[in-house]
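Peer 1: What follows is a predicted protein model with its sequence.
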Amino acid sequence: MTSRIIKLLSREIIASGTMAFHFEKPSDFSFKAGQYIQMTLIDPPETDDDGNTRTLSIASSPYENEVMFAMRIRDKAFKRVLKSMPPGGTVKIDGPFGSLVLPEDKIRPLIFLVGGIGITPVFSILRQALYEKRPQPFYLFYANRKPEDITFKDILCDLQKNFDNFRLITTVTSPEINFPGWTGEKGHLSAKMISAYAPDYQDAFFYVVGSLDMVMSMTTMARQMGIADGFIKYEEFIGY
């Protein structure tokens, strides 16, 4: 396993309580869209019981000349250090790892069931698919508690405009709250919602990314919808 030191270029707020961090991409670093790395802080000014290493999905795509990560900002030492790191600061990364990647099959539809910050590997996958001009249908069902929690919202909307075979379906899971101007779906992702927007779901690959509870419920739902295990990929985001 090769370790690399990468330099922070910039950071930005991309949703409520969520930041993106842009780093230089080493010339010898390659990965597949949807993979992740392990990031370790170098001599951090503070630490806690959670330690100085985190597993982070790569949110940028392989064709880009930088590596980008996004995370919810919580009151943890690791995130406080990263949030305050000036441009030029460095971290160590190991990897890439993971098999949540695009299939060789370019015919079957791809259905993504995503919760919250679980969007990061899927964002990489979708942008890479657009770059490769993949011909099959792509459906992103993206659940957040509130509209302001939707990460990469503007870019995802632009993807839908520029990607004829991509459909974005966003839903808020706090339907008891009235969100002025909200025109998307309300409630948790469901078989009814999926079949309404993706009538070809029975032929699709399902990708499920989110909290452990969300992944368990969505994979169970996919099986109940008749999707075989070999056509379901999933990744749990823990501790976010």
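Peer 2: Cool, the structure landed. Just so it is clear, the model here is predicted, and its values are computed rather than measured.
Peer 1: So which bits of the longest strand along the chain are buried?
Peer 2: Secondary structure of the chain per DSSP state E: the longest strand is strand 3-15. Buried residues in strand 3-15, counted by 16 or more other CB atoms under 10 Å: 4, 6, 8, 11, 14-15. To be clear about C-beta, it is placed using only N, CA and C from the backbone, and glycine gets the same treatment.
Peer 1: thought A222 was touching I232?
Peer 2: Yes - here A222 lies in contact with I232, judged by CB atoms under 8 Å, at a distance of 5.3 Å.
Peer 1: got any residues that touch both of the two?
Peer 2: 206, 208 (CB atoms under 8 Å, 6 or more residues apart in numbering).
Peer 1: for the longest strand of the chain, the distance to its chain's centre please.
Peer 2: 16 Å (CA atoms, centre = their mean, to the nearest Å).
Peer 1: what residues does the next helix or strand after it touch?
Peer 2: Later in the chain than strand 3-15, the nearest helix or strand by DSSP states H and E is strand 18-24. Applying CB under 8 Å, 6+ apart, the external contacts of strand 18-24 come out as 6-14, 59-60, 66-73, 82-83, 91, 117, 149, 151.
Peer 1: Stretch 154-169 now?
Peer 2: Outside of stretch 154-169, the residues within contact range by CB under 8 Å, 6+ apart are 123, 126-127, 129-130, 134-142, 150, 184-185, 193, 197-198.
Peer 1: at 6 Å instead, please
Peer 2: If you take CB atoms under 6 Å, 6 or more residues apart in numbering as the criterion, stretch 154-169 is touched by 130, 137-141, 197.
Peer 1: Okay, buried residues for it please.
Peer 2: For stretch 154-169, burial by neighbour count (16+ other CB under 10 Å) applies to 156, 159, 163, 166-169.
Peer 1: okay if I get those residues as JSON lines plus distance to L113, secondary structure and pLDDT?
Peer 2: As requested, those are exported to JSON lines (distance: CB to CB, whole Å; DSSP: H, G, I helix; E, B strand; the rest coil; pLDDT from 0 to 100):
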{"residue": "L156", "distance to L113": "15", "secondary structure": "helix", "pLDDT": "96"}
{"residue": "L159", "distance to L113": "17", "secondary structure": "helix", "pLDDT": "92"}
{"residue": "F163", "distance to L113": "19", "secondary structure": "coil", "pLDDT": "88"}
{"residue": "F166", "distance to L113": "15", "secondary structure": "strand", "pLDDT": "96"}
{"residue": "R167", "distance to L113": "13", "secondary structure": "strand", "pLDDT": "97"}
{"residue": "L168", "distance to L113": "13", "secondary structure": "strand", "pLDDT": "97"}
{"residue": "I169", "distance to L113": "10", "secondary structure": "strand", "pLDDT": "97"}
